[in-house]
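[1] Quick one, structure for this:
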Amino acid sequence: MTQHLTKQTFLDKVFDYEKNKDWKFEGDKPCLIDFYADWCGPCKMVAPVLEELSDEYKGKIDIYKINTEQEQELAAAFGIRSIPSLLFVPMEGKPQMAMGALPKPALKEAIDNVLLGIGETA
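    Numbering: from 1, shown residues only. Coordinates of the predicted model:
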């Protein structure tokens, strides 16, 4: 299941940007964060795919959702200007942002490469 994050759960589970200036991931496994809004058509297309991936990668990664309408401060903190925006957060290194509704094969490839470090290396 994908989990919805509020600002507080984001600070606890992903990154406490109020305490740390430099990126410091707080999670215990890599995560994918979907910045979305209820009125966004492409976001609605991505949602069921993320639910499927949440099941397929259960125990390996966490998949979170952030409603940009309700959590405007989080959206602003990451400079979200278009949705859906997907933030891939590996255990090590900086997160990577992808814009738009990516098809499932592209999401799986990004999860494998960016989050799990398996698959093709560039």
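
[2] show me the residues around residue 107 that make contact.
    The contact partners of residue 107, by Cβ atoms under 8 Å, 6 or more residues apart in numbering, come to 32, 49-50, 53, 86. No exception for glycine: its C-beta is placed from N, CA and C like everyone else's.

[3] Can you flag the buried ones in those?
    In these, burial by neighbour count holds for 32, 49-50, 53, 86, counting by 16 or more other Cβ atoms under 10 Å.

[4] Keep only those of the residues you listed that are in helices.
    With helices identified by DSSP state H, the entries of the buried ones among the contacts of residue 107 that belong to them are 49-50, 53.

[5] a markdown table for the buried ones among the contacts of residue 107, including distance to residue 12?
    Supplementary listing: the buried ones among the contacts of residue 107 in a markdown table, determined by distance: Cβ to Cβ, whole Å:
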| residue | distance to residue 12 |
| --- | --- |
| 32 | 17 |
| 49 | 26 |
| 50 | 21 |
| 53 | 23 |
| 86 | 21 |
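
[6] got any ranges where this structure has weak pLDDT?
    Counting by pLDDT under 70, the ranges of the chain that qualify are 119-122.

[7] all strands of this protein, in order?
    Defined through DSSP state E, the strands belonging to the chain, from first to last, are 3-4, 31-36, 62-67, 85-89, 96-99.
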